[in-house]
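K.L.:
got a predicted structure here, sequence first:
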Amino acid sequence: MEVLKEKVEEEEAAEREEAAERAERGEKTKRPMEVRREETTMTQEMLRDLERKLSEIEVSVPEKLLAFTKDTIDTSKLPLSYQSNTLKEEHLLQVADNFSRQYSHLCPDRVPLFLHPLNECEVPKFVSTTIRPTLMPYPELYNWDTCAQFISDFLSMVPLPDPLKPPLYLYSSTTVLKYQKGNCFDFSTLLCSMLIGAGYDAYCVNGYGSQDLCHMDLTREVCPLTMKPKESVKEEEKAPPKKYAIKPPRDLTSRFEQEQEMKRQEAIKAEEENRRKQEEARLLEQENAKTDPLHGLRVHSWVLVLSGKREVPESFFIDPFTARSYSTQDDHFLGIESLWNHKNYWVNMQDCWNCCKDLVFDLGDPVRWEYLLLGTDKPFLSLTEEEDEGMNDDDDVENLGKEDEDKSFDMPPSWVEQIEISPEAFETRCPNGKKVIQYKRAKLEKWAPYLNNNGLVCRLTTYEDLECTKTLEMKEWYQNREDMLELKHINKITGLNVDYFKPGHPQALRVHSYKSMQPEMDRVMEFYETARVDGLIKREETPKTMTEHYQGRPDFLSYRHVNFGPRMKKLALNSAESNPRPMVKITERFFRNPAKPADEDVAERVFLIAEERIQLRYHCRSDHITANKREFLRRTEVDSKGNKIIMTPDMCISFEVEPMEHTKKLLYQYEAMMKLKNEEKLSRHQAWESELEVLEILKLREEEEEAHTLTISIYDTKRNEKCKEYREAMERVLHEEHLRQVEAQLDYLAPFLAQLPPGEKLTRWQAVRLKDECLNDFKQRLIDKANLIQARFEKETQELQKKQQWYQENQVTLTPEDEDLYLSYCSQAMFRIRILEQRLSRHKELAPLKYLALEEKLYKDPRLVELLKVFV
Amino acid sequence: MNRLYDMEPRVMDDDMLKLAVGEQGPREEAGQLAKQEGILFKDVVSLQLDFQNILRIDNLWQFESLQKLQLDNNIIEKIEGLENLTRLVWLDLSFNNIEAIEGLDTLVNLEDLSLFNNRISKIDSLDALVKLQVLSLGNNHIGNMMNIIYLRRFKALRTLSLSGNPVAEDEDYKMFICAYLPDLVYLDFRRLDDHMKELAEMKHQYSIDELKHRENLMQARLEDEQARREELEEHKAAFVEQLNGTFLFDSMYAEDVEGSKLSHLPGVGELLEAYKDKFVIICLNIFEYGLKQQEKRKAELDTFMECVQEAIQENQEQGKLKIAKFEEKHLLSLNAIREESELSSIETKIVEYSEDITELFNVLMTLEMQLVEQLEETINMFERNIIDLVGLFVENVQSLMAQCRDLENHHHEKLLEIAINILEKIVKGEMDEDLPDDVRSLFVDKDTIVNAVGASHDIHLLKIDNREDELVTRVNSWYTHLLDKIHKDEIMRNRKRVKEINQYVDHVQSELDSLECGDLLD
């Protein structure tokens, strides 16, 4: 407050303010003039016309009223700090009022400050105390980007009741979180609380934003997901030429011609660039045609993060609605009135004629930022501006006094309760778990995990046109799928589907791109090669060929390419599987096997099956440029005498870099050929197996697509049914165990001890008596029990006898039903008697044992043991 | 040893070997081919010559690639004639009459050796067989347990059989072997269990520990020696060996009779001491400088080699690329020519193709010539640099040596002075101290003493000169050799490459020609 009265500055400020105001109100002032002009020649019709116009303008403003009004909030259950102000808070409000008065006096043309809006209980609260710095227990919320993203997802946006004024109410973050909706001030307060909690130097900003910003309208923004990540240009540092590096051969081409060519190319490029730019400009113009009549007046609130803490290199804005970060120079932010954090409140004294582009966020500079409290921590006290200090020196006495007064005062603690987000709410994220964002030529849909039963969590649809009618492509992200599907990319134009998998697919699939699920069509499958025994990385298929790439195989195979011929005429009986396409050519390539010399290590092997020809190309020796080649013709011929020709020199054509003797021998060639024949069979078999595997994978994929089961982590106790059952069972068992223990702990001495005077030590006599009493009592109980059983037994027997008697008497007259009844009764009674008999005998058997056990127990009872020792 | 002597001993002649090779060669179709062509002895991998009554191993020198040789159940008395079979892995000499192990020194690849049922009484002469895994020595006359310790040196030995020897009758036999050969897995065709090994180890712990200690000492000594030798080698490469101490100084006085005599003179001892210190310091300077220079030269050579390698590699890659491109085209055009039916178009295609071949040849040769030029330039540069380096080195060493000489001169003057003083004293009869007789005999007159001192001085100077000359000649010969080799290598490389290109082009051309012929015949 100290500098407010500085005259020179005041004038300057006023001037600047005026200029700013003029700039800001540019449009606004124009309109009333228009209106006035019209008024001069106003007719009824015109008036109506005007009315209509005005109403049209107004239409966009309150799209829906604050659905989240005070009525819906139950204020009675809120804690006391919500419902009243402490003394300190009252004091603060007074200070704020004072500040506000001075401010409006000095800057009469500026809008009143947003200092102490009402909370949900209609109590005025200072904005800084509404910020409750909280560090969330979720590691995902530790960084600003994820934190902002969470808030933008978690809350649904409600527009301000009056887009031109800050709201009257500012609710606590706990309430906002509970109802999951809020306006921009609620958003930024919550975000600010969390960011400060996480250690950022964050501030809530009250200012002016563009229409898109205030309405959370992203339709003019390019979706961040569609943007291709910038390829980090890695310039490989060229090693400095070594001392003995050879000189390149002399360049004999004409430099002039090269330059001419280059110029021509550049001209073409420039022209293209120009055309593109024009096109862009045209489009931009089209889009910007609908300008906002309230441009520069729409109140918005966002978060400013200053550089310094948490290794933030540069200050930036976060729009809490969209969770996007903007540079402080961004066009969307049109001005700042004030900003605050949990400790202090600053009013912007700088001119916002050029939006926020010229603002300096040096909050320690009192010329630029007028603070409310002489805070204990001024963020940055700029050292360079000695001018300020000079001004501070000739402060008024009054000001100094105030300063002293203020010095003793700091911000009271927040009245807001601890901000808490339950894990369920955190996981669900969006209200009802679903959120749709419309971008320019794109639509983004988000779902909470497990909400969709196929595991879909996110879908991005990109369109060709601005109206979003022609779909270009769709990207769907999945989570927790049993088949490890992670992303599905569907290109609607080419019809190409690409599925991406996480590690763990049963067939180690990584990427699967296809146009149709039919076999023998164009498709590419990539695999996690380390998870596969055969080291397959990639398998490409076209209707006529199949190419496989391998890595890390013990036989050094790196590549296999199979050409298929047209399918033979199907026999009637055979099904499709048992009629594979004939292979025409198999090409296999191998890595260098270091154990073999290069000219015996085959690099490429081509089996021309139809021509019965085998071509071999060997690896090149390290100091050669040509490699051995060999070609075998496998024809079996018969010589003039009718004998089979085994091997003739012309069946093997070879070129050897360094001719060797032993390879010329027919025997060697014969053996090589025999080996190759076997290997050809093997290769064909492997190719055939690959085909089968493709079929299998396709089948599996179809099944998985249909089943789309989701995995549930064993740590997810809520969803995991098995785990839940198990836990419940465990709890039950525990409960029972507990009951049993309680029973076991029944004190057999308690009734007898109760008879004795409490608190006194037992004498020996008493102890003996106690023991005897206890034993007697137990004996009595045992006898009673025996008697009881005996009595029941006798009763049953008597009844049975009676019944038998009755039966014998009336046997003749009885109906079959009665007889049946009687017989069943008899058998039951007999059963009961037998049981009673058993129980009795068992009781008799056990009673003395039990008696002895109790006696033993009594002797060992800690209360009696000392006193009874003598008798033992 | 009940050998049937009723059969005549046979000689291992060509016929026998041929027969055996033929019988044991490939069968069926391959056999027909083999018969048609004949099998060269040097291609044979495995040979079986059992029950042949062979008395003497002979005529096996041609079997260079033999890996498995069976000579069991013969009457061989001496192991011989196996020197050429260096690839041998498997050798069976069981059931013979061999009395001593010998003649196996070249069979470094041998893994399995069977000498079962012979008359061997001592295990030795197996040192060369470092890969030995299986050794069968059952039914022999080995009587001394200490033979087993000899087997400790075979780290790969896993199977041993010694049953049927006098040693095997010892009750401690198994334990002893277990203890002394802990890596052994099978003894007399039975697996040794771990329990047994533990017991054995406990039983023989003391003697084994002692043995191990001795072995370790030996090992350490060997290693030390090795390290010393390597160091010396390194110093030799720097041409400054034995300059890092008093060696040169000592050698100066080693043959210097007068010098040692004169050192007994009063005052000379201290002088000598100081002289020695200074001399040694200079020697050390030379030594360190030499090592530093050696490092520099090495770095220079390494960069040069690396660069040359890189250049060659790059050139090769280009060549390979060119050939690969050509081959692709070549396959297509060959097929096209084969399938073409019209004679005129065949001809045009053939012409086209042969043009391609010529072009390939030209391209490859151009590449090669380019490389030759580039390398020549680089080699010349290297040559200049290395000569400069060597020149600098020699110059500096010479200046240091000159310092040595100065020291020697200085010392000589001092010595002469002392000697003359003493002579004067002796002449005047003022000499208090006693001098040994042989020293006193020098002080007869001035000439004698001056000559003696001069002779000593000459010897010293000669030694220094010799050392210097040696160093300089060796350095010079080193670099001339090096440069010669580089030039020669480059020429060799060039010729090889040109030959290769020619060969390839010829091959392609001949292929085309054969195609033409075929066409013409058709």
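P.N.:
Sure thing, it's come through.

K.L.:
contacting residues around B:Arg119?
P.N.:
Residues counted as contacts of B:Arg119 (Cβ atoms under 8 Å, 6 or more residues apart in numbering or on different chains) are B:1, B:97-99, B:140-141. All C-beta spots, glycine's among them, are computed from the backbone N, C-alpha and C.

K.L.:
A:Asp201 too?
P.N.:
Applying Cβ under 8 Å, 6+ apart, the residues contacting A:Asp201 are A:305-310, A:312, A:379.

K.L.:
for it, phi and psi?
P.N.:
Backbone geometry at A:Asp201, expressed as degrees, to the nearest 10, gives phi -90, psi 80.

K.L.:
what pLDDT does it get?
P.N.:
Reading off the confidence values, A:Asp201 has pLDDT 88.

K.L.:
do the same with A:Glu235
P.N.:
Reported pLDDT for A:Glu235: 57.

K.L.:
doesn't B:Ile282 make contact with B:Gln403?
P.N.:
Yes: between B:Gln403 and B:Ile282 a contact is recorded at 5.3 Å, counting by Cβ atoms under 8 Å.

K.L.:
okay, those two: which has more neighbours?
P.N.:
Per other Cβ atoms under 10 Å in any protein chain shown, whichever of B:Gln403 and B:Ile282 has more neighbours is B:Ile282, with 19 against 16.

K.L.:
name the SS class of the more buried one, please.
P.N.:
Secondary structure for B:Ile282, judged by DSSP: H, G, I helix; E, B strand; the rest coil, is helix.

K.L.:
where do the helices sit along chain B?
P.N.:
B:14-24, B:28-37, B:147-150, B:173-180, B:194-203, B:205-237, B:247-254, B:257-262, B:268-339, B:343-428, B:437-440, B:446-521 (DSSP state H).

K.L.:
who in the stretch 251-400 of chain B is up against chain A?
P.N.:
The stretch 251-400 of chain B comes close to chain A at residues B:300, B:303-304, B:306-308, B:310-312, B:316, B:319-320, B:323, B:364, B:370-371, B:374-375, B:377-378, B:381-382, as judged by Cβ under 8 Å from any Cβ of the partner chain.

K.L.:
list the contacts of the residue nearest to A:Ile419 when sequence neighbours are not counted.
P.N.:
Using Cβ to Cβ, 6 or more residues apart in numbering or on different chains and skipping the chain neighbours, the partner closest in space to A:Ile419 is A:Thr134 (4.4 Å). Contacts for A:Thr134 were tallied using Cβ under 8 Å, 6+ apart; they are A:193-194, A:197, A:418-419.

K.L.:
show me what the lowest-mean-pLDDT helix or strand in chain B is packed against.
P.N.:
Sorting the helices and strands of chain B by mean pLDDT, DSSP states H and E puts helix B:28-37 at the bottom, at a mean of 72. Applying 3 or more Cβ pairs under 8 Å, 6 or more residues apart in numbering or on different chains; DSSP states H and E, one finds that helix B:28-37 makes contact with helix A:666-707.

K.L.:
now the helix it packs on, how far from the centre of its chain.
P.N.:
Chain-centre distance of helix A:666-707: 42 Å, with Cα atoms, centre = their mean, to the nearest Å.

K.L.:
the closest residue to B:Phe51 other than its chain neighbours: how many residues sit nearby?
P.N.:
In space, and not counting its chain neighbours, B:Phe51 is closest to B:Asn73: 4.8 Å by Cβ to Cβ, 6+ apart. Using other Cβ under 10 Å, B:Asn73 has 19 other residues around it.

K.L.:
so what are the domain limits for chain A?
P.N.:
Following the TED database, chain A resolves into domains at A:79-224+A:292-371, A:481-568+A:577-706, A:746-869.

K.L.:
deepest of those, which one?
P.N.:
domain A:79-224+A:292-371 (a mean of 20; mean count of other Cβ atoms under 10 Å in any protein chain shown).
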